[in-house]
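**Q** need a structure here:
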Amino acid sequence: MRFLLSYLTLALLGVACSSKGGDAPEWPWEDGGETPVVAEDPNPGMIDKGWTNVTKDYGSVTDGIAIYRSPSSLEGVKAVAYVVLADPKKVDWDVWSINDPKTEGSTDALKTPQEVYKATSAPVVINGGYFFSEGGKNYNASVAVSKGKTLGVNLNYASKDWETYYYPTRGVFYSSDGKFSCGWTYYTTSGNHYLYGKPADNSWEKTPLQSPDQSFPEKASAFEATTAIGAGPVLIHGGKKVNSWKEELFYGGASDDKMPEERHPRTAIGFTGDRLVLFVCEGRQMTKDVPGLTTGEVATVLKDLGCTEALNLDGGGSSCLLVGGKSTIKESDGSLRAVGSAVILKKK
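**A** I've put the predicted structure just below:
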């Protein structure tokens, strides 16, 4: 009907229409030539799952990196989240960190992700592992390895009353010889750094287990990596959701202190088999009605996106993802927090 009305309007205005073979009218516009080719999304599965490719919103991004914004809800919860997918054939990942390889403290300054971006010009920067400050020094509480050099180790003890001590194995995401994986590590007082395929079965409700060693909680291998970031809990390992926050003793042990089961801003890193994955979500009502996610919900989201390995990183006020130096989410501190480590992506 719309075409008929348009044609009648043209006729009433006296527009001449000659015929092309019989009575067929000529088109009132020129042939458009070949149909424009629309570039196929490099990760069509993301589009199928309701994620939107927003790479162009952040200017010129290195080839091999794509940025996606989440649908309006994840796991039935209103959400503002972003995922970075990076092709490891085209993109390298690295870790910036204060230099505290034995948790003895460092005079290195904490840096905001924006300061890391300015220092490295990395097109993508997210916050890394846990850290703390005490007595004028800054401490890593999580593994950090850059170019084979250890800059931090996972904290190797935990207590809820500072009288009874536990010795948890805690999560790490690492790469070596082009392979990506998660695991659990323990750094001994004698300087041995062990890697395990499962966590020690700790729990605040149990008597503390022995300190991990070369044969406990299983036969260990020496932890060696080209690049690594620690934190926890491990969310996915070997293609299965594990979310080992209880075994890794997060957090505190009090009945009202179970942050992994609460909704907060989150940051995570993972691998799908052919893509490195960075995840961040907003929380704490920085956007109205957006509470954040639990670690279990993050694990489910990343598993749905194809991750076979994934690790929860520091969250809350530390959660941040910069693309080209531009924030993707509203950080819950209201500004960028200075952190002890960060993960960066850059062109090979």
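
**Q** what ranges of the stretch 1-150 of the chain fall below the confidence cut-off?
**A** Scanning the stretch 1-150 of the chain for pLDDT under 70 picks out the ranges 1-39.

**Q** Apply 90 and report the result again.
**A** Applying pLDDT under 90 to the stretch 1-150 of the chain flags residues 1-40, 42, 59-60.

**Q** again with the stretch 151-300 of the chain
**A** 160-161, 178, 205, 251-259.

**Q** residue boundaries of the strands in it?
**A** Counting by DSSP state E, counting those that start in this stretch, the stretch 151-300 of the chain has strands at residues 170-176, 179-187, 193-196, 221-222, 227-230, 234-237, 240-241, 266-271, 276-281.

**Q** The ones you listed: which one's closest to K78?
**A** strand 276-281 (10.8 Å; CB to CB). Where you see a C-beta, it was placed from the backbone N, CA and C, and this is true even at glycine.

**Q** The strands of the stretch 151-300 of the chain into TSV, with extra columns for mean neighbour count?
**A** Converted to TSV, those look like this (neighbours: other CB atoms under 10 Å):
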stretch	mean neighbour count
strand 170-176	26
strand 179-187	23
strand 193-196	20
strand 221-222	10
strand 227-230	27
strand 234-237	26
strand 240-241	12
strand 266-271	26
strand 276-281	25
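
**Q** would JSON lines of those with distance to F132 be doable?
**A** JSON lines is the format used below for these (distance: least, CB to CB, whole Å):
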{"stretch": "strand 170-176", "distance to F132": "15"}
{"stretch": "strand 179-187", "distance to F132": "16"}
{"stretch": "strand 193-196", "distance to F132": "20"}
{"stretch": "strand 221-222", "distance to F132": "27"}
{"stretch": "strand 227-230", "distance to F132": "14"}
{"stretch": "strand 234-237", "distance to F132": "21"}
{"stretch": "strand 240-241", "distance to F132": "29"}
{"stretch": "strand 266-271", "distance to F132": "17"}
{"stretch": "strand 276-281", "distance to F132": "22"}
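
**Q** wait, which of these is closest to D314?
**A** If we rank the strands of the stretch 151-300 of the chain by CB to CB, the stretch that ends up nearest is strand 266-271, at 6.5 Å.

**Q** what angle sits between that closest one and strand 276-281?
**A** Orientation of strand 266-271 against strand 276-281 (axes from the mean of the first three to the mean of the last three CA atoms, to 10 degrees) gives an angle of 160 degrees.

**Q** List the neighbouring strands of strand 266-271 plus their orientation.
**A** Strand pairing for strand 266-271, determined by DSSP bridges: strand 276-281 (antiparallel), strand 309-312 (antiparallel).

**Q** Now do stretch 251-262: distance from first to last residue.
**A** Distance between the boundary residues of stretch 251-262 (CA to CA, to the nearest Å) amounts to 11 Å.
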